[in-house]
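Participant: Below: sequence and its predicted model.
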Number of protein chains: 6
Amino acid sequence: MEEMNLTNLQRAQVITQALPYIQKYHNKIIVIKYGGNAMISEELKMQVMEDIVLLSLIGVKPVLVHGGGPEISEMLKRVGKESVFVDGLRVTDKETAEIVQMVLAGKINKHLVNLLGEYGGSAIGISGIDGHLIEAEVKDERLGFVGEITNVNVQPILDLLEKDYIPVVSTVGCDNEGNVYNINADTAAAYIAGAMKAERLITMTDIPGILKDVSDPDSLIKCVTIPEAYKLFEDGVISGGMIPKVECCIDAIKKGVHKVTILDGRVPHAILLEMLTDEGAGTMVKAE
Amino acid sequence: MEEMNLTNLQRAQVITQALPYIQKYHNKIIVIKYGGNAMISEELKMQVMEDIVLLSLIGVKPVLVHGGGPEISEMLKRVGKESVFVDGLRVTDKETAEIVQMVLAGKINKHLVNLLGEYGGSAIGISGIDGHLIEAEVKDERLGFVGEITNVNVQPILDLLEKDYIPVVSTVGCDNEGNVYNINADTAAAYIAGAMKAERLITMTDIPGILKDVSDPDSLIKCVTIPEAYKLFEDGVISGGMIPKVECCIDAIKKGVHKVTILDGRVPHAILLEMLTDEGAGTMVKAE
Amino acid sequence: MEEMNLTNLQRAQVITQALPYIQKYHNKIIVIKYGGNAMISEELKMQVMEDIVLLSLIGVKPVLVHGGGPEISEMLKRVGKESVFVDGLRVTDKETAEIVQMVLAGKINKHLVNLLGEYGGSAIGISGIDGHLIEAEVKDERLGFVGEITNVNVQPILDLLEKDYIPVVSTVGCDNEGNVYNINADTAAAYIAGAMKAERLITMTDIPGILKDVSDPDSLIKCVTIPEAYKLFEDGVISGGMIPKVECCIDAIKKGVHKVTILDGRVPHAILLEMLTDEGAGTMVKAE
Amino acid sequence: MEEMNLTNLQRAQVITQALPYIQKYHNKIIVIKYGGNAMISEELKMQVMEDIVLLSLIGVKPVLVHGGGPEISEMLKRVGKESVFVDGLRVTDKETAEIVQMVLAGKINKHLVNLLGEYGGSAIGISGIDGHLIEAEVKDERLGFVGEITNVNVQPILDLLEKDYIPVVSTVGCDNEGNVYNINADTAAAYIAGAMKAERLITMTDIPGILKDVSDPDSLIKCVTIPEAYKLFEDGVISGGMIPKVECCIDAIKKGVHKVTILDGRVPHAILLEMLTDEGAGTMVKAE
Amino acid sequence: MEEMNLTNLQRAQVITQALPYIQKYHNKIIVIKYGGNAMISEELKMQVMEDIVLLSLIGVKPVLVHGGGPEISEMLKRVGKESVFVDGLRVTDKETAEIVQMVLAGKINKHLVNLLGEYGGSAIGISGIDGHLIEAEVKDERLGFVGEITNVNVQPILDLLEKDYIPVVSTVGCDNEGNVYNINADTAAAYIAGAMKAERLITMTDIPGILKDVSDPDSLIKCVTIPEAYKLFEDGVISGGMIPKVECCIDAIKKGVHKVTILDGRVPHAILLEMLTDEGAGTMVKAE
Amino acid sequence: MEEMNLTNLQRAQVITQALPYIQKYHNKIIVIKYGGNAMISEELKMQVMEDIVLLSLIGVKPVLVHGGGPEISEMLKRVGKESVFVDGLRVTDKETAEIVQMVLAGKINKHLVNLLGEYGGSAIGISGIDGHLIEAEVKDERLGFVGEITNVNVQPILDLLEKDYIPVVSTVGCDNEGNVYNINADTAAAYIAGAMKAERLITMTDIPGILKDVSDPDSLIKCVTIPEAYKLFEDGVISGGMIPKVECCIDAIKKGVHKVTILDGRVPHAILLEMLTDEGAGTMVKAE
């Protein structure tokens, strides 16, 4: 980080300028979806963790929901698990589901808990299996254990928040027969935020947000209403991987989340910037 | 305030640098003695209030104890109350005690509560009479209702903190016969901090702290142990009005306060500087 | 007090005769408006305080709301503050508002808290500024800081009651800009009682109650319904200063207070008489 | 009750004169032993119940412990149960123990609960069997189920007090084999008061207290210390049935009860007189 | 009990097979009506108590409601109380009501509490008088104190359950004039179960359940809906003493009890069998 | 499981015979160490899970601590991680530690949580990293991240128990620098049981217990005191892998666990047998 030539007074002034934002989010639940491609560098990851610990200390109630596509792919490759594809979609057989579970709940989850701990945060990592948090069923027989969420039971998260832990959630699902499901992390985060009537859902990604012109980072759409989003779907402005992300945002709003943001995880301290200053990075989706 | 050319990222960095200090004071009680000559200007007073609200929001438990010598003198003069002196000390007769009570509990206390409210803080102002907080007796018959503290009952302060209010305390005392006493605010703050086993007592004043050479502001003694302080008394380095102030600090430490600081109230955001950066303004007094 | 030649048995009988009344008001909130001209003598004031402490000990939840016109006038005169009048009404400029605040919150409030303490009551005095209890705005530009109540936030009173303190409330109001307002105490008491859905509002005054013939104290109307009160307004039976008092009573009933009484503060132990015997002093106003 | 020509003001004065006593016993546990010969008349019994309900309403925590010798004798006679005597002492065989249990827990206990309910008190009657409150063993093989207390488990009483019921306790004992014991009510009351560190134990009887000369009711000893009591035992001043009663009082004091009184149950409202006025009826036993 | 040649493993297997039933009734309120003719033998009574203690330990919340016709008759006979009959129904005069109260609340209730205690259960026995649990009025002037329930106040039962006691309830009723009523135990159990929205009401009796042919124990109707029950009333299949029993069951269901069973108290461990295995003894009545 | 020809009555009898054991362990914390070689078969594992859910439902507070040597070895092999050995001991480098963490916290932990959920248990799985549960440091520089426990912070486990979850703990450790340690599961279980002053520690293994003659399963020592154990160490009776196991047992007892048992995990329902019958499988270690 570049050296700032600030006097301590200037530091104090900067902190006091955050006062109205701190008041605004006091005791509010903020669900942060992080992981996959947004986990660009170790340094940025550290800053995300630092931001979350800070939020938790100043009275905000952050819930960290993570996926981990790249690490899963890497582990599958490493154990020599050949993937089968149906219509171009990877099939999640029992063994794959187990590896997904292991990487998410055992590797990434504990790594994040550990990082939060390094900054002094007291985190507890759980998965969708713990306390039957995420219940799911098969979405498409041909794809195996790719789960469609049937129910979200947020009590374990509320219990952890009540005891002042930062909950870190791995998005694997379970059912009553002992099966484990690979769950899309954006979808799970939207469900969880909705079920908790969270104040905000922040979905971190590795692009600036919704762009009018995908090739032009300066064409960022800073705010979009649900009707406008549908229009952008039609017009093909929102396309590819951005479509399900935006659909999750819309879902979350419909379930009662007050404010949903797609945030550029490559921006240092993007969460603090978004929450404690008037500078919004990324695209805000709102009801209307 | 001069304009800072900071990017929002730099702002976020400044805030995250305060993280370890925020952790350190989480849920800790900090007694701040403010008032009298330290209330130099309206602008500085606003900053003190802003700092206190900020502390309260980020999980610190500030208790504001105030006196108000100059306003009392002004009101006595205004109502044409002639002061009687004994050996050069002003006598506090019944009428004077009533004016002291009125100015402290009715004017300054509510003014401070009001300012804290303007910054979004939820404050409740009480006096040493409320809930029999400060019990006192006559110190010197000739001086009338100048009170010596006989007992401090901090339950009302603890009750207000539990309900998330910022307690603001006027230092008038009471007894079982309905008398009201003028109590030295430094002494009261030390007693209250001691009775609550506060993490810190910060006594705000209008000088830089303890100076080796009173005429040289650069001769500040940044840290002094109790034995060193006694030595400085002997050597006459600590003299005049600073003597009782330092004695209060020593008392507070002996009663169990962890850290006591004489802080220069003329420094903008002195409290935040002292608590959230590594720059200590003023003189810290410690056990040894 | 005249000597009663009662045996202790007779004393016990008297106490047990209060049993049904004690049961009736167990855990009920009773708002008592006191002050101004009703504070006739020191002796009567002591009895009011004694009654309130007694109520608080036997499980009733009294809230004391006070004004203090005469003391304010006296202090204004004493500090040589010339009053300006508009259409015969006194203008409350900033300086006057400050003196109102000081006299109510600093002098009378603490004096009442002190008296309650003398009888063993544990009271905490707050003003409409504390915890933003009474929010107000300018009623008439020409009159300055004479406040019209815009909101009453009774949480601080409930918090004090929960902690078993007797709340004593000074009727000054605040707004978000730091202004202080002079609030009519009858109005404030009615608002507070209404917001708390108090069991009873007792407004103490220095006359017997509503009189059919103002010159004849024996013409007391013991009970009046709201429609009857409107009729008495029309007929001019209720006139002068009694009009706003009765309007406040009607307001309180409409806001959900069960029973409202205008009580003669000159009757010794009027509150106990009213609450623990079948003898009602004063006029009861009821819905219909 | 004779008619008192009291004004309501005088009534209010009487009530306020009880204020310091009400404060003194606020939230304090008072164990009252009542029953047997002290239950002289229906009218006096009603007054005892009225007093207890009143105490409970004004914040005192009364626990009523009762025996019931005369009713037991009457029932034994009625069912034609012949008593067997050993050395002049009645043998409590299994059948007798069952009748003792039935009369105490089923007749007297519920009768008292019912009377308390009539005065608006919320009482729950339990016996020494409930929650294993009084554990006992055989005292003297020849006397059968006359119990010696081995343990008192006051948790059920504390649980009832916490839920604001007036506990009414029948003094039958139990053991781990399902046996039921006849327990002396004075002894049980002393044990229970001791185990609860009660503020006071009041043992109601049908004589004025300890008399210097049994034949002279005016020779009442108003206060006696434990050493003095032992002296009175030796001198034969305390004799007969008074011996075990005074022994129980001494036991209770040794177990930590603050103040123990033998009270004349024939005096109307004796409990209120004792607790809310400065007139003590009966004899107070104190440590020294 | 016959000796079982079971290995401990088999014992463990038996216990684990109860797991789903234990889960099903976790924290659920089960009202068990027991008494009268169902209390066939000491041995069976012991088993009922053992079952109830076991339920209470494994997290079920049993409430035991009892009557006691035979013991009442026996005691009336024993004290030589001649019964008066009106239209073939026994008149409950004041003296009879008192004996009913004494036998139920003093003999049977404490006997059951004692037995529960022997198995390690912590029970507290109360009657309909305690805490004004069962309020009643005269049903038929000619029958005296035979009570019709006017109100059931289950707070005392809830308070005892909250404190982990097994409540044992004697079905005598009270009113505001101090009268005591003989209440039908089936009716009281149905009212109590309904007022608590109990999961189950189990009415224990001394026959197999509802029989198609009263003379043929093998003609048991295992399950009956309310409409079917009305049909069975019409057809005379349900007749005699079974009619009011079934009516109580129907009442309970209408008041919100989930499942009601008439259970054969002569079957050893009938309650455990009914609740922890798939074998239902007796007749289940359900809504439809 | 072989079919038992038991009547339901016999089933009920079996269950009631467990009553005294259920009472004994009510609300007691039982730490069960399971994993590694004791996880012999899927069927046995299911029974262990069933037993734990049953314990949790009947009011016992089980804590499951697991290791997982075989799965770790298998995964290391599968990802082609070559192990380096020092003096015959495997070195845990950073990459190995990460795989240990992943397999324990991600695979085995969630698998156990899932199985508990299948039986209706509500479990939450955490690792020694979560809430900084197990703090460790390097034991032997040459072995890398093989951890020696420096501190156990059981608050997260207590919080989960308070919220009625079954805590499942993976034995990886953490430090303040973000390192992850492989922790011996027996040691961790002993530390955790000791820190919680658990009623019992049950260490499941794949042998009958301590054998006098390792080759003779019938030479089981059923109970051993600490001094006897030291003697058996000396005599070589306790040898090999049993040495550290017994040392952990001794440690746990010294830290305050009441009773420690080495239990044969190959016995079906060994935990229930051990806890709910008088048949102890395995060896009990006790203080003396």
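Facilitator: Here it is on my side, so go on. Numbering: from 1, shown residues only, chains lettered A, B, ... in the order given.
Participant: I'd like to know the beta-bridge partner residues of the residue nearest to the spatial centre of chain A.
Facilitator: Nearest to the mean C-alpha position of chain A, by C-alpha atoms, centre = their mean, lies A:Lys33 at 0.6 Å. Per DSSP bridges, the residues bridged to A:Lys33 are A:Val65, A:Thr203.
Participant: roughly how far apart are A:Met204 and A:Gly282?
Facilitator: 9 Å (C-beta to C-beta, to the nearest Å). In short, each C-beta sits where N, CA and C put it, glycine included.
Participant: Please identify which of those two sits among more neighbours.
Facilitator: Shown here are A:Met204 and A:Gly282; by other C-beta atoms under 10 Å in any protein chain shown, A:Met204 has more neighbours (28 against 25).
Participant: what's near enough to touch that one?
Facilitator: A:32-35, A:38, A:48, A:263-265, A:270-271 (C-beta atoms under 8 Å, 6 or more residues apart in numbering or on different chains).
Participant: which stretches of the stretch 51-200 of chain A form helices?
Facilitator: Applying DSSP state H, counting those that start in this stretch to the stretch 51-200 of chain A gives helices spanning A:69-78, A:94-101, A:109-118, A:155-162, A:185-195.
Participant: and the longest one with chain F, contact?
Facilitator: The one in question is helix A:185-195. No. Using C-beta under 8 Å from any C-beta of the partner chain, helix A:185-195 never reaches chain F; the gap is at least 15.5 Å.
Participant: C-alpha coordinates for that helix, PDB please?
Facilitator: The C-alpha coordinates for helix A:185-195 follow below in PDB (Å, rounded to 0.1, in the frame of the first residue of the first chain):
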ATOM      1  CA  ALA A 185     -23.100 -19.800  -4.300                       C
ATOM      2  CA  ASP A 186     -24.800 -16.700  -5.700                       C
ATOM      3  CA  THR A 187     -28.200 -18.500  -5.400                       C
ATOM      4  CA  ALA A 188     -27.500 -19.600  -1.900                       C
ATOM      5  CA  ALA A 189     -26.400 -16.200  -0.800                       C
ATOM      6  CA  ALA A 190     -29.600 -14.700  -2.300                       C
ATOM      7  CA  TYR A 191     -31.700 -17.300  -0.500                       C
ATOM      8  CA  ILE A 192     -29.900 -16.700   2.800                       C
ATOM      9  CA  ALA A 193     -30.100 -12.900   2.600                       C
ATOM     10  CA  GLY A 194     -33.700 -13.200   1.700                       C
ATOM     11  CA  ALA A 195     -34.600 -15.600   4.500                       C
END
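Participant: Show me what it packs onto, helices and strands only.
Facilitator: Under the contact criterion of 3 or more C-beta pairs under 8 Å, 6 or more residues apart in numbering or on different chains; DSSP states H and E, helix A:185-195 touches strand A:29-34, strand A:61-66, strand A:147-152, strand A:200-205, helix A:242-254.
Participant: 6 Å instead?
Facilitator: Other helices and strands packing on helix A:185-195, by 3 or more C-beta pairs under 6 Å, 6 or more residues apart in numbering or on different chains; DSSP states H and E, are strand A:29-34, strand A:147-152, helix A:242-254.
Participant: The first one too?
Facilitator: For helix A:69-78, the elements it packs on are helix A:94-101, judged by 3+ C-beta pairs under 6 Å, 6+ apart.
Participant: Off-centre distance for the helix or strand bottoming out on mean pLDDT in chain A?
Facilitator: The helix or strand of chain A with the lowest confidence, counting by mean pLDDT, DSSP states H and E, is strand A:89-90 at a mean of 76. Taking C-alpha atoms, centre = their mean, to the nearest Å, one finds the center of strand A:89-90 at 23 Å from the center of the full chain.
Participant: residues making contact with stretch A:100-107?
Facilitator: Contacts with stretch A:100-107, where a contact means C-beta atoms under 6 Å, 6 or more residues apart in numbering or on different chains, come from A:68, A:71-72, A:75, A:127, A:170, A:172, A:180, A:182, F:102, F:105-107, F:110.
Participant: Show me the two of those residues that sit farthest apart.
Facilitator: The distance between the two most remote of the contacts of stretch A:100-107 (C-beta to C-beta) is 18.0 Å, for A:Asn182 and F:Ala105.
Participant: joint contacts of A:Met204 and A:Gly282?
Facilitator: A:Leu263.
Participant: Return the residues in contact with A:Ala188.
Facilitator: A:Thr171.
Participant: What is the neighbour count of the closest residue to chain D within chain A?
Facilitator: Across chain A, the shortest distance to chain D (C-beta to the nearest C-beta) belongs to A:Glu162, at 24.5 Å. A:Glu162 has 11 neighbouring residues, counting by other C-beta under 10 Å.
Participant: beta partners of A:His151?
Facilitator: Quick fix: residue A:151 reads Asn, not His. Judged by DSSP bridges, the bridge partners of A:Asn151 are A:Glu135.
Participant: Check what contacts the least confident helix or strand of chain A and list those residues.
Facilitator: Contacts for strand A:89-90 (C-beta under 6 Å, 6+ apart): A:83, A:143.
Participant: Partner strands of it and their direction?
Facilitator: Partners of strand A:89-90 in the sheet, by DSSP bridges, are strand A:85-86 (antiparallel).
Participant: Averaged pLDDT, the partner strand. What do you get?
Facilitator: The pLDDT scores in strand A:85-86 average 80.
Participant: which residues touch that strand?
Facilitator: A:Arg142.
Participant: Please compute how far it lies from its chain's middle.
Facilitator: Centroid separation for strand A:85-86 versus its chain: 27 Å, with C-alpha atoms, centre = their mean.
Participant: And stretch A:245-259, by the same measure?
Facilitator: For stretch A:245-259, the distance to the chain centre is 13 Å (C-alpha atoms, centre = their mean).
Participant: Now it: buried residues?
Facilitator: A:245-253, A:255, A:257, A:259 (16 or more other C-beta atoms under 10 Å in any protein chain shown).
Participant: what mean pLDDT would you report for that stretch?
Facilitator: Stretch A:245-259 comes out with an average pLDDT of 94.
Participant: how much space is there between the residue of chain A closest to chain D and F:Tyr165?
Facilitator: According to C-beta to C-beta, A:Glu162 stands 13 Å off from F:Tyr165.
Participant: do A:Glu71 as well
Facilitator: Counting by C-beta to C-beta, the separation of A:Glu71 from F:Tyr165 is 28 Å.
Participant: Which one of A:Asn182 and F:Ala105 is surrounded by more residues?
Facilitator: Neighbour count, other C-beta under 10 Å: between A:Asn182 and F:Ala105, F:Ala105 has more, with 31 against 26.
Participant: Per-residue confidence at that one, what does it come out as?
Facilitator: For F:Ala105, pLDDT reads 97.
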